[in-house]
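[1] Build me a structure from this.
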Amino acid sequence: MKFEGIDHAAFLVKDIELAVETFSKLFETEFEEVMPAAPGMVPERRHFMNRPEANIELVQIIDPARMMESDPESAGIAQLAASGFEGPVLVVLKVKDADAATAEFDAKGVRSLKSFDIGAGGLLPFIPHFKKVLLNGEDTHVAGLGFMQRIAE
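    Predicted structure coming up:
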């Protein structure tokens, strides 16, 4: 499969404020909070560094047990958070066509966990429109691999 590059890497952190402060200094950039903690939502917080060459996402799971119940596809990251793990948990590749990439991987025996639209009226409507696909770690033998396609507006 051809891909255009890495869209973003996600890192699981225990203290998102400290991680944002540290990464902002290291990369001389700002992070935007794209998923604040809110009642009734998945118990996590996310901050994003958006750069043309690649992006970094920082994720703090506030309530791993509740996340496992409310979002079974995310049980792996919730279990890592519950164990105290901090570090890389996801690499998302840039592709021209997420559906075609998913079909190609499906034909090779790799199932997708979930697919969703981000931005433009979908999840997180205040950011540009993307389609994101997360792959099944049991099939790829690595946790945290996915595709991201930018949808032209």
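[2] could you measure S74 against D106, distance?
    According to Cβ to Cβ, to the nearest Å, S74 stands 21 Å off from D106. To be clear about C-beta, it is placed using only N, CA and C from the backbone, and glycine gets the same treatment.
[3] longest helix of the chain?
    Counting by DSSP state H, the longest helix found in the chain is helix 16-27.
[4] and the closest residue to N50 other than its chain neighbours, bridged to which residues?
    Nearest non-adjacent residue to N50, counting by Cβ to Cβ, 6 or more residues apart in numbering: E32, 7.0 Å away. Assessed by DSSP bridges, E32 has beta-bridge partners F48.
[5] thought E32 was touching R51?
    No: the pair E32 and R51 does not pass the contact test of Cβ atoms under 8 Å, sitting 11.7 Å apart.
[6] Of S74 and D106, which one has the most company?
    A direct count of neighbours by other Cβ atoms under 10 Å for S74 and D106 places S74 higher, at 19 against 13.
[7] Report the secondary structure state of the more buried one.
    Going by DSSP: H, G, I helix; E, B strand; the rest coil, the secondary structure assigned to S74 is helix.
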